[in-house]
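Colleague: Just to be clear, the model below is a prediction. Sequence and coordinates:
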Amino acid sequence: MQAIQVNSQPAPVPVKAVGVDVGYGFVKAISAAARVSFPAVVAPCVEDPLSGMFRDGTGHKVKVRKTGGEAEEKLVGEAALRSMAATATLSREKPAALHDLLLLAAAYLAGAGDKGPFPKQVDLAVGLPLAYFRAQKEALKKRLEGLAAWVSVDGGEERYISFDQVMVFPQGAGAVLAGDVILSGRGYLGVVDVGTYTTDYLLFEDRGDGVPRPLPEACGSLEVGVHLLHRSLAAEFQRRADAPLAPAMYQEVVEGAMAGRPVHYGGRDICLEEAFMKARKDVGQAIVQGVLAAWGGRAGFVALTLLAGGGAGLFKDELVRDLPGAGIYGDPFFANAMGYFKMVCNKA
């Protein structure tokens with residue numbers, strides 16, 4: 001999964017609605033004013049002994065002040081990746097403090113919030129992996145409806161962010177929810193959303209009336225994704241360097257291996273390109289086999305499989321070759337966030 005270069009400066013004006021995809025690898029947000037993305041990593045905010053002399057503008061410093069509480073400052077995104085105390089998560093239920101901080105930062109950058117005197121609420125749409133959707137949906141919705149704080153990013157104006165209507169959707173449905181899919185009336189429509197920790201798959205019946213109907217028994221999640229590629233490269237690095245690879249460096253090492261750049265460690269160059277190619281093939285095949293097994297006998301009737309998610313491009317060769325009618329969704333990285341945003345805008 002390559003890092004996506006997106007303008008993550010705060011949107012110029014407050015917005016009425018925002019769609020936020022808080023993934024395990026990246027946070028994506030879309031509003032009428034902006035499209036932002038940053039790694040889903042948080043770290044303590046420490047004083048820079050060089051007074052910002054070498055700051056390159058990547059990553060963000062987020063200040064959050066809840067009513068009646070003290071202000072808390074954290075680093076998020078690329079800035080957090082550089083910290084020795086960087087924190088991310090691959091747990092099935094993201095810690096509330098981590099999830100909500102990332103969401104507030106993304107919402108602020110997308111233009112949510114108002115400085116008053118009577119702060120306006122914003123409508124919010126988010127998602128959950130399909131495997132956890134039923135169990136976590138109501139708790140997440142209730143928590144976000146009660147979430148409110150004064151937020152400032154990178155020293156910008158402090159804005160009060162709270163949410164009026166909160167909608168929670170299953171991940172992987174973004175491409176269909178966006179309403180950009182032209183149904184042919186032939187066979188079934190599949191969606192495979194490849195993320196950092198999970199791959200969500202959905203199967204819809206296409207009866208030719210423009211309304212895709214999900215088949216519940218053929219929809220679900222696999223705990224297979226980019227994290228397995230990270231794990232393989234980390235194991236190979238450990239074997240060859242006799243030292244562990246810090247999780248905060250996983251993405252950097254993947255991008256280097258894709259470009260054929262070696263990792264310099266212990267006075268020598270360690271080339272991981274071959275290990276990367278093998279791991280990418282193995283994980284891609286694991287996704288294909290898991291999806292086809294879930295779809296069973298209906299797989300042969302699938303006319304189109306939409307590939308979405310940040311990992312879609314990474315495993316494209318295996319997925320396009322072996323999944324029926326597979327093709328990359330227009331903007332797979334932002335597919336879910338765009339779908340959430342369109343649905344919350346059309347809620348009326």
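Modeller: Cool, got the structure.

Colleague: From now on I want contacts and neighbour counts done on CA atoms only, so please keep to that.
Modeller: Noted.

Colleague: what residues are up against residue 199?
Modeller: Neighbouring residues of residue 199 by Cα atoms under 8 Å, 6 or more residues apart in numbering: 192, 193, 221, 222, 223, 224, 225, 287.

Colleague: how near is the residue lying closest to the fifth one once chain neighbours are set aside to residue 275?
Modeller: Spatial nearest neighbour of residue 223, chain neighbours left out: residue 198 (4.6 Å); criterion: Cα to Cα, 6 or more residues apart in numbering. Here the criterion is Cα to Cα, to the nearest Å. By it, residue 198 lies 22 Å from residue 275.

Colleague: Which one of those two is surrounded by more residues?
Modeller: residue 198 (26 against 16; other Cα atoms under 10 Å).

Colleague: Give me the pLDDT for the spatially most distant residue from the centre of the chain.
Modeller: Distance from the C-alpha centroid of the chain, by Cα atoms, centre = their mean, peaks at residue 267 (35.3 Å). As predicted, residue 267 sits at a pLDDT of 92.

Colleague: now do the one 10 residues further on
Modeller: On the pLDDT scale, residue 277 is placed at 96.

Colleague: List phi and psi for it.
Modeller: phi -60, psi -40 (degrees, to the nearest 10).

Colleague: neighbours around it, how many?
Modeller: 13.

Colleague: try the one 3 residues further on
Modeller: Other residues within reach of residue 280, judged by other Cα under 10 Å, total 23.

Colleague: residues in contact with it?
Modeller: For residue 280, counting by Cα under 8 Å, 6+ apart, the contacting residues are 229, 314, 315.

Colleague: Need the single longest strand in the chain, by residues.
Modeller: strand 159-170 (DSSP state E).

Colleague: before we move on, back to that, what about the contacts of residue 199, which are in strands?
Modeller: Filtering those for strands - DSSP E - leaves 192, 193, 221, 222.

Colleague: I figured the second one was touching residue 307, is that so?
Modeller: So the one you mean is residue 193. Yes: with contact defined as Cα atoms under 8 Å, residue 193 reaches residue 307; the gap is 5.9 Å.

Colleague: what comes into contact with the helix or strand following the longest strand of the chain?
Modeller: Remark: after strand 159-170, the chain's next helix or strand is helix 174-177, criterion DSSP states H and E. For helix 174-177, contacts defined as Cα under 8 Å, 6+ apart pick out 181, 191, 306, 308, 329, 335-340, 342-343.

Colleague: Okay, now the unreliable bits of this protein?
Modeller: Scanning the chain with the threshold set as pLDDT under 70 gives 1-14, 47-58, 175, 178-185, 208-210, 348.

Colleague: What segments of it are helices?
Modeller: 78-81, 96-109, 130-145, 174-177, 226-241, 250-258, 273-295, 316-322, 335-345 (DSSP state H).

Colleague: could you dump the ones you listed to TSV with distance to residue 156?
Modeller: Output for those, formatted as TSV (distance: least, Cα to Cα, whole Å):
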stretch	distance to residue 156
helix 78-81	17
helix 96-109	10
helix 130-145	23
helix 174-177	31
helix 226-241	34
helix 250-258	29
helix 273-295	40
helix 316-322	39
helix 335-345	24
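
Colleague: Go through those and pick out the most buried.
Modeller: Neighbour counts (mean count of other Cα atoms under 10 Å) averaged over each of the helices of the chain peak at helix 335-345, with a mean of 26.

Colleague: Could you tell me the angle between that helix and strand 159-170?
Modeller: 110 degrees (axes from the mean of the first three to the mean of the last three Cα atoms, to 10 degrees).

Colleague: could you dump helix 335-345 to CSV, C-alpha only?
Modeller: Extracted in CSV, the C-alpha atoms of helix 335-345 (Å, rounded to 0.1, in the frame of the first residue of the first chain):
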residue,chain,number,x,y,z
ALA,A,335,-13.7,4.5,-2.3
ASN,A,336,-15.2,4.0,1.2
ALA,A,337,-14.8,7.6,2.3
MET,A,338,-16.4,8.8,-0.8
GLY,A,339,-19.3,6.3,-0.4
TYR,A,340,-19.8,7.4,3.2
PHE,A,341,-19.8,11.0,2.2
LYS,A,342,-22.3,10.7,-0.6
MET,A,343,-24.6,8.7,1.6
VAL,A,344,-24.6,11.2,4.5
CYS,A,345,-25.2,14.0,2.0
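
Colleague: just checking, what packs against it?
Modeller: Contacts defined by 3 or more Cα pairs under 8 Å, 6 or more residues apart in numbering; DSSP states H and E place helix 335-345 against strand 17-22, strand 26-31, strand 122-128, helix 174-177.
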